[in-house]
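>>> Give me coordinates for this.
(chains A and B)
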Amino acid sequence: MWRNSKPYWLVLPTVSVIVILFFGGLLEGLAHSLGYFPAAGQLDFSARAYHKLLSSKDFWLSLWLTLRISLLATLFSGILGMGISLFFLRNQQRKSRISLWLQGLMNLPLVIPHFVGAYIIVLLFMQSGYLARILYGFGLIQQFEAFPVLTNDPRGWGIILAYTWKEAPFIALMIYPVLKNIYSNWLEVAKVYGAKPWQFFIEVVVPLLLPAWTSSCFIVFAFTFSAFEVPYLLGVTYPQMLPVLSYTLYTNGGWERMPEAMAINVVLTLITGVLGIMAYKLSRRWGMPGGRS
Amino acid sequence: MNHLYLKGIEKGYYHSDSDSFELNIPQLTIQEGELFALLGPSGCGKTTLLKVVAGLLEPDRGEVLLGDQTISKIPTEKRGLGMVFQQALLFPHMTVEANVAFGLKMKGISKGVRLEKAKSMLKAVGLSGFGDRFPAELSGGQQQRVSLARALVTCPQVLLLDEPFSSLDPELREEMRDLLKGLQQDYKLTTLLVTHDVNEAFVLADKIGIMKQGRIMQIDQPQILYENPNSPEIALFLGARNVIYGQLSQGVFRTGSFKLAVPGKEEFYQQSGWIVLRSENLKLCPVPASTEFSQINRDLILRGSVVKSVFSQGSYHVTVQIESQSVNLSFPADQSSKPGLGEALELTYDPQSLVFIPEY
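Here you go, the predicted structure:
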């Protein structure tokens, strides 16, 4: 009996902490979003915060901006991550110094924290940043203002850039082993049976890679969708991404706006959950035996 | 003409002095419709040669010709070959039918036609009704059948087989050999098989090439090869258990105090070399050869004592010490009781079956 249950008892402390903090926090947030705030003497449950939120133009603008930024950042990281993986794969035999140096450079974003990454993006891409100065130095732009606004811009390109730079190596790292396995097992077979490289990519690599690629893209999406520090550093005051809006409402809006802030977090969790289920279904449908072929 | 001709193929891998390998095939012809087996131990270069033929490896030098046309510069995907690998390597996300039809799809053949052909090929390999399944739902043997169907459905100019049955259990392997042989003959396919399994090569091949360290040592029909190996290594590789080094002079082979009459080889005088004395050609004398009832030529009698005796699969495998030489023989268990250690035995042999390989 003890022998069978021993592993569960051993992991119980860790699991308890995770469950209490994660689900406890989630439940508390849900309760707060429903107006249950014992500290403020509010003990009734109501959907007032949700009603107010859903009828607010600011919320919809923020949601649209958050979705747009997260989707674009995920898409760009996904494509770039696959490119990096393919680059690693092509160069796996080559051990030249430049190839190793490039591989190291591509892995670099993995060890740099997000807020440092955001700061690097600011330094590089702001209108008086390094890139603008280089272009100005070469006479390619006549004044700094001619450089496009890429940081703290209302469309969120700076945030997209920061996340793409930071998450592409993560996706590459996640899909590289799968890609390597696909190429080492099936490339020769496909070639023998007449597949050109692009046909092999479409017919074999994409369907087999899709589950791993979708999962890693979803992780990136979920993270980007609910992350705070990069949009806070690189975003504008209006419209704000949802996590920033939630933070602003919570810290600057007084007791009466706190349920709205929590309602935003609940909406973020719900959307992430729904998209997670969709990603799972998609990868099952397109990438697994029993799916489309 | 779809005969395959390899001319001056060289391919080297150089890592260090002790770890380098060079494939060197001056010439090799595989006739149209022939099943040619390249037989050799692991690491002798047979798969490298197969990959050179397939275009998966580029040779350092030499040419691969199909009929009169050189295909060395043609990329793999345009060579029109079929290949069965050691593992089935089916595409796991495709149904069995889609796997079989893959080559046809790459050729741009319409869906209806290719699925029809895939169905009939699945029938030919005994897998009718399996078309909608996925590879993971099949046994290893069934997967290899699908792999074979995938290779055959494209009507390849040459079929390449890279130890296709080595991952299957013995019973299944035999079944697959029969299937392959039947299909190869039905479709009259020029086939190149590489294997390290002597039995597989002998069962399947019309002709066998023995490979060692990147070179083909001997090519011939299976029986001729078996009966006339041109080197002691080949004789040993093909299963001969008594390959004895010594000197042959005027019809008598000697090594130490061991003597063997080799009638018909009187032309050799003090010639060093190896005698191949097959264990199946050594027989127990039915009655003591020293008695007057024995009709056995006394020159062909060997006397020794048993040093090892093992029963396996209906036969006794016995090692007999004859003078300075130990000799192995096998005989059916029903011919005699199990010889005990130290028991004296009299053996005789068929002198015509002896092979002498001179040392040059």
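>>> In a helix, residue B:37, correct?
No. The assignment for residue B:37, made by DSSP: H, G, I helix; E, B strand; the rest coil, is strand rather than a helix.
>>> Quick one: name the residues of the stretch 101-250 of chain A near chain B.
Counting by CB under 8 Å from any CB of the partner chain, the residues of the stretch 101-250 of chain A close to chain B are A:185-186, A:188-196, A:199, A:203-204, A:207-208. (Glycine included, C-beta is placed from N, CA and C.)
>>> do that again at 6 Å, thanks
With the criterion set to CB under 6 Å from any CB of the partner chain, the stretch 101-250 of chain A comes near chain B through A:188, A:189, A:191, A:192, A:193, A:194, A:195, A:196, A:204, A:207, A:208.
>>> With secondary structure, pLDDT and neighbour count added, can I get those in JSON lines?
Formatted as JSON lines, those follow (DSSP: H, G, I helix; E, B strand; the rest coil; pLDDT from 0 to 100; neighbours: other CB atoms under 10 Å in any protein chain shown):
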{"residue": "A:188", "secondary structure": "helix", "pLDDT": "92", "neighbour count": "20"}
{"residue": "A:189", "secondary structure": "helix", "pLDDT": "93", "neighbour count": "25"}
{"residue": "A:191", "secondary structure": "helix", "pLDDT": "93", "neighbour count": "24"}
{"residue": "A:192", "secondary structure": "helix", "pLDDT": "93", "neighbour count": "28"}
{"residue": "A:193", "secondary structure": "coil", "pLDDT": "93", "neighbour count": "27"}
{"residue": "A:194", "secondary structure": "coil", "pLDDT": "92", "neighbour count": "22"}
{"residue": "A:195", "secondary structure": "coil", "pLDDT": "93", "neighbour count": "23"}
{"residue": "A:196", "secondary structure": "coil", "pLDDT": "92", "neighbour count": "14"}
{"residue": "A:204", "secondary structure": "helix", "pLDDT": "92", "neighbour count": "23"}
{"residue": "A:207", "secondary structure": "helix", "pLDDT": "89", "neighbour count": "20"}
{"residue": "A:208", "secondary structure": "helix", "pLDDT": "90", "neighbour count": "22"}
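>>> Just want the phi and psi numbers for whichever residue of the stretch 201-350 of chain B sits closest to chain A.
Nearest residue of the stretch 201-350 of chain B to chain A, counting by CB to the nearest CB: residue B:204, 20.5 Å away. Note on residue B:204: its backbone torsions stand at phi -90, psi -40 [degrees, to the nearest 10].
>>> Quick one: residues contacting it.
Under the criterion of CB atoms under 6 Å, 6 or more residues apart in numbering or on different chains, the neighbours of residue B:204 are B:35, B:177, B:181.
>>> hang on, the earlier thing: specify which member of the residues of the stretch 101-250 of chain A next to chain B is nearest to residue B:353.
Residue B:353 has its nearest neighbour among these in residue A:192, at 43.2 Å by CB to CB.
>>> Go ahead and confirm that closest one touches residue B:83.
Yes. Between residue A:192 and residue B:83 there is a contact under CB atoms under 6 Å: 4.5 Å.
>>> shared neighbours, these two?
Contact with both residue A:192 and residue B:83 is made by residues residue B:54, according to CB under 6 Å, 6+ apart.
>>> Check which helices and strands the longest helix along chain B sits against.
The longest helix of chain B (DSSP state H) is helix B:170-187. Secondary-structure packing of helix B:170-187 (3 or more CB pairs under 6 Å, 6 or more residues apart in numbering or on different chains; DSSP states H and E): helix B:198-204.
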